[in-house]
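Student: build the 3D model from these lines:
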Amino acid sequence: MKKAPLIIALIILSAVTTGQTGDDITRKGLNSITENVLKSQLTFLSSDWMEGRETGEKGEYMSADYIASMLQYMGVAPGGDFGSGGGRQGQRERSYFQNFQLLKSSQGENQTMAVITTTGSAARTTHFAYNLDYSVRNSAAGMEIDAPVIFVGYGIRSGKINDFTKKDVKGKVILRVSGLPASARAAGGSEAAAMNASKDVAARELGAIAVLEVNPVTIVLATGAERRDFMNMSPSEGRISSGRPSASLSIPQPSVAAQLPRITVSARLANEILEGAGFTIADFAAQADTRQLLQYPEVTGKKVKLVSSVNSSLINVRNVIGIIEGEKSDEIIVVGAHYDHLGIGNGYIWNGADDNGSGTVGVMTLARAVMATGKKPEKTIVFALWTAEEKGLIGSRYWVDNPTVPLENIRMHINFDMISRYIADDQPNAVTMTYTDSHPLFREITEKNIAKFGIDIVPDYQPSDNPPGGSDHRSFVAKGIPIMRFKPGHREEYHTPADDVTTLDWDIMEKVIKITFANLWELANSDWK
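Tutor: Numbers count the residues shown, from 1 in each chain. The predicted structure is shown next:
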């Protein structure tokens, strides 16, 4: 007789459990997303102990270990490399890490550059100073260049603009102006971004062997202190420099020729190349902002001679990958964010709380919310934390080329990058939502879930057939995979030591994660195309 109450209790519990609606399950996940949960993770991840999480350095390795341990604690399975040993029942066990190597390159001691002007049988050689008049974008190998140089304006070959018309640049060095003319900038959005991104492609396809690039507002500074600031200045004037020698990371390539050398030059050096053509870089830039199609005299009799040595080494890096297996292993959603940042230098630690500790914690918190539902999703969800985004989206690019799940099974990608700052202090609820325009459902469910779950957020919807931006979603766009991302502000602390937890707006971070979870859970448990 004593068994009766227990049986009745089990029947009631079963009824309560099976009676849960989809919205009830979603709310269980949403309720697990709180400010305290975000603070407890991000305060540690962006602390000085992590040493700025620079790619391949100790702090980034510690961060990866922390992320993996949190995923394991939540019950998220490892989704990285398979081990070589036998696991239970002879099966190979997976790790939380995808390990690979990168080539680290920095400029060596031997750096010389000269412009040679030939007039008839006479030649004049003008030498320029490294880190004053020019700097070499790090390449994987040292180089010596001795070749004619030709001016190609902005170096655009797109739409109505073709700066290469009647110009033979094969085997030559090209001098071009950075950015875009006013007419091209006016296009805005993805069109302007694509035009700018295609400049190197055009130069390479037409056979140029190197690029000299000048900003028309560049000023050659005179004093030693000014010279230091000129070369180390961040894009936002007046920022603190790391003071570290610049170094680049790249995925090792089978051919050095795959990289197009790029040398940033001063206006003084550029004008030495243009000398005799009848105009200066400033003249050209002024004309470019008033006319769409530019006509300018040819540069003749000019040659560039460059010697640049390189110091190279291999470093070990890793992505962190977790996976929640769904009922369908052949339908996968990838949620990702980069966890690396800028490291230590000049007595400062670049903690990167917003960039991108916030996105990293966002991905971990989404994993926690999925587990909190107590329900296995229909689709499989991969949670990925990328390395080396700050070095050129390298971690995500490596993963899409060497995926730990079949790439053809990936239905979409959700990206978090810098989700913890207001767009402006007087716009605490504003965000942009960028998504692939062939999937209007992404906007429809966002509008529905904002209303249904009372998430106080106001998106600016930005659909695109080629979603722009400088973050890891671009690696998926390049593979034709639909994406969705929410992004609030991009504030003045960006890429400075001031990007610390004390500056964060926790409420907008919580809202971004909540609307993303509501969308993710719906997309993971419904059929859509």
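
Student: quick one: buried residues of the longest helix seen in the chain?
Tutor: When the chain is parsed with DSSP state H, its longest helix is helix 506-524. Neighbour counts over helix 506-524 (16 or more other C-beta atoms under 10 Å) mark 506, 508-524 as buried. Using the backbone N, CA and C atoms, a C-beta is placed for each residue, glycine as well.

Student: same question, stretch 430-448
Tutor: For stretch 430-448, the neighbour count (16+ other C-beta under 10 Å) marks 430-437, 439, 441-443, 445-446 as buried.

Student: how far off centre is it?
Tutor: Here the centre of stretch 430-448 is set off from its chain's centre by 21 Å, with C-alpha atoms, centre = their mean, to the nearest Å.

Student: how long is it end to end?
Tutor: 17 Å (C-alpha to C-alpha, to the nearest Å).

Student: show me what that stretch is in contact with.
Tutor: Stretch 430-448 is touched from outside by 412, 422-424, 457-465, 467-469, 473, 477, 482-488, 508, 511-512, 515, 518-519, 522-523, 528, with contacts defined as C-beta atoms under 8 Å, 6 or more residues apart in numbering.

Student: only the buried subset of the residues you listed, as a PyMOL command please.
Tutor: Of the contacts of stretch 430-448, the buried ones can be selected in PyMOL as follows, counting by 16+ other C-beta under 10 Å:
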select buried, resi 412+422+423+457+459+462+464+467+468+469+473+477+482+483+484+485+486+487+488+508+511+512+515+518+519+522+523
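
Student: out of the contacts of stretch 430-448, list just those in strands.
Tutor: Of these, the ones assigned to strands by DSSP state E are 412, 458-464, 483-487.

Student: what's the closest of the residues you listed to G276?
Tutor: S464 (44.3 Å; C-beta to C-beta).

Student: separation between that closest one and F416?
Tutor: Distance of S464 to F416, given as C-beta to C-beta, to the nearest Å: 18 Å.

Student: over to P252?
Tutor: For P252, the distance to F416 equals 29 Å [C-beta to C-beta].

Student: what is the least confident helix or strand in this protein?
Tutor: Least confident helix or strand, the chain: helix 224-232 with a mean of 32, by mean pLDDT, DSSP states H and E.

Student: now the element after that one, going C-ward?
Tutor: Next helix or strand after helix 224-232 toward the C-terminus (DSSP states H and E): strand 247-250.

Student: I'd like the next helix or strand past that following strand.
Tutor: strand 262-265.

Student: what's the very next helix or strand once past that following strand packed up against?
Tutor: Elements were assigned by DSSP H and E; along the chain past strand 262-265, the next helix or strand is helix 267-274. The elements that helix 267-274 packs onto, with contact taken as 3 or more C-beta pairs under 8 Å, 6 or more residues apart in numbering; DSSP states H and E, are strand 97-119, strand 122-128, strand 143-151, strand 173-177, strand 210-214, helix 281-288.

Student: mean neighbour count added to the ones you listed, as TSV?
Tutor: Shown next, in TSV, are these (neighbours: other C-beta atoms under 10 Å):
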stretch	mean neighbour count
strand 97-119	17
strand 122-128	12
strand 143-151	17
strand 173-177	24
strand 210-214	22
helix 281-288	18
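
Student: wait, which of these is closest to W350?
Tutor: Nearest of the helices and strands packed on helix 267-274 to W350, taken as C-beta to C-beta: strand 97-119 at 18.1 Å.

Student: let me know the angle separating the closest one from helix 267-274.
Tutor: 50 degrees (axes from the mean of the first three to the mean of the last three C-alpha atoms, to 10 degrees).

Student: now do the same for strand 97-119: mean pLDDT, whole number.
Tutor: Taken as a whole, strand 97-119 carries a mean pLDDT of 94.

Student: spatially central, which residue of the chain would that be?
Tutor: In the chain, the centroid-proximal residue (C-alpha atoms, centre = their mean) is S471; its distance is 2.9 Å.

Student: show me the shaky parts of this structure.
Tutor: Scanning the chain for pLDDT under 70 picks out the ranges 1-19, 84-91, 138, 186-191, 218-246, 256-258, 289-295.

Student: which residues touch the closest residue to N271 other than its chain neighbours?
Tutor: Distances taken as C-beta to C-beta, 6 or more residues apart in numbering place T280 nearest to N271, at 5.2 Å, with adjacent residues excluded. Each residue near T280 by C-beta under 8 Å, 6+ apart is listed here: 267, 271, 274.

Student: between these, which is closest to S309?
Tutor: Nearest to S309 among these: A267, at 26.1 Å, using C-beta to C-beta.

Student: for the closest one, grab the count of nearby residues.
Tutor: The tally of other residues near A267 (other C-beta atoms under 10 Å) stands at 20.

Student: distance of it relative to L212?
Tutor: 12 Å.

Student: now swap in V400 and tell me
Tutor: Distance from V400 to L212, by C-beta to C-beta: 32 Å.

Student: output the helices and strands packed on helix 267-274 as JSON lines; include the columns distance to T300.
Tutor: As requested, those are arranged in JSON lines below (distance: least, C-beta to C-beta, whole Å):
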{"stretch": "strand 97-119", "distance to T300": "9"}
{"stretch": "strand 122-128", "distance to T300": "13"}
{"stretch": "strand 143-151", "distance to T300": "9"}
{"stretch": "strand 173-177", "distance to T300": "13"}
{"stretch": "strand 210-214", "distance to T300": "16"}
{"stretch": "helix 281-288", "distance to T300": "16"}
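
Student: can you tell me how far V265 is from L212?
Tutor: When V265 is compared with L212 (using C-beta to C-beta), they lie 5 Å apart.
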